[in-house]
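[1] Okay, sequence plus prediction incoming.
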Amino acid sequence: MNKKDGGSAFPVLDTAQTGNIHSLQCEDGGMSLRDYFAGQALAGLFKEGNNYIDEDVARRIAEQCYTVANAMLTEKEIRDNA
């Protein structure tokens, strides 16, 4: 797992490689957990409708979504290590 991005949100496992579930290898990492969290934050912001936004506002929204995602990863790591 990459601590910076939380690892893969939806990994695709290569089940043909081995019969041992503990030895499964990730075939495709897919979207990072950080990107998934940011996307969920974005979806929450726009749940009421699709409003027109300019490029500067879009950049600030993206920054806020990744701030939320980073906070979620930090909290997840704290809880996973508790």
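    It's in.
[2] Residues contacting stretch 46-60, please?
    Applying Cβ atoms under 8 Å, 6 or more residues apart in numbering, the set of residues contacting stretch 46-60 from outside is residue 61. Bear in mind the C-beta positions are built from the backbone N, C-alpha and C, glycine included.
[3] Would you mind measuring the gap between the ends of it?
    14 Å (Cα to Cα, to the nearest Å).
[4] tell me which residues in it are buried?
    By neighbour count on 16 or more other Cβ atoms under 10 Å, the buried set for stretch 46-60 is empty.
[5] ditto for stretch 39-47
    Within stretch 39-47, the residues that count as buried by 16+ other Cβ under 10 Å are 41, 42.
[6] pLDDT of that stretch, averaged?
    Mean per-residue pLDDT for stretch 39-47: 89.
[7] ok, now stretch 63-75?
    Per-residue pLDDT over stretch 63-75 has a mean of 95.
[8] Residues contacting it, please?
    With contact meaning Cβ under 8 Å, 6+ apart, stretch 63-75 is reached by 5, 6, 33, 34, 35, 36, 37, 38, 39, 41, 42, 45.
[9] Redo the residues you listed as a markdown table? Include secondary structure and distance to residue 78.
    Formatted as a markdown table, the contacts of stretch 63-75 follow (DSSP: H, G, I helix; E, B strand; the rest coil; distance: Cβ to Cβ, whole Å):
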| residue | secondary structure | distance to residue 78 |
| --- | --- | --- |
| 5 | coil | 17 |
| 6 | coil | 13 |
| 33 | helix | 15 |
| 34 | helix | 16 |
| 35 | helix | 21 |
| 36 | helix | 19 |
| 37 | helix | 15 |
| 38 | helix | 19 |
| 39 | helix | 22 |
| 41 | helix | 19 |
| 42 | helix | 24 |
| 45 | helix | 25 |
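[10] Torsion angles phi and psi at residue 32?
    Main-chain torsions, residue 32, degrees, to the nearest 10: phi -80, psi 160.
[11] okay but it is in contact with residue 38, surely?
    No: the criterion here is Cβ atoms under 8 Å, and residue 32 misses it with residue 38 at 9.2 Å.
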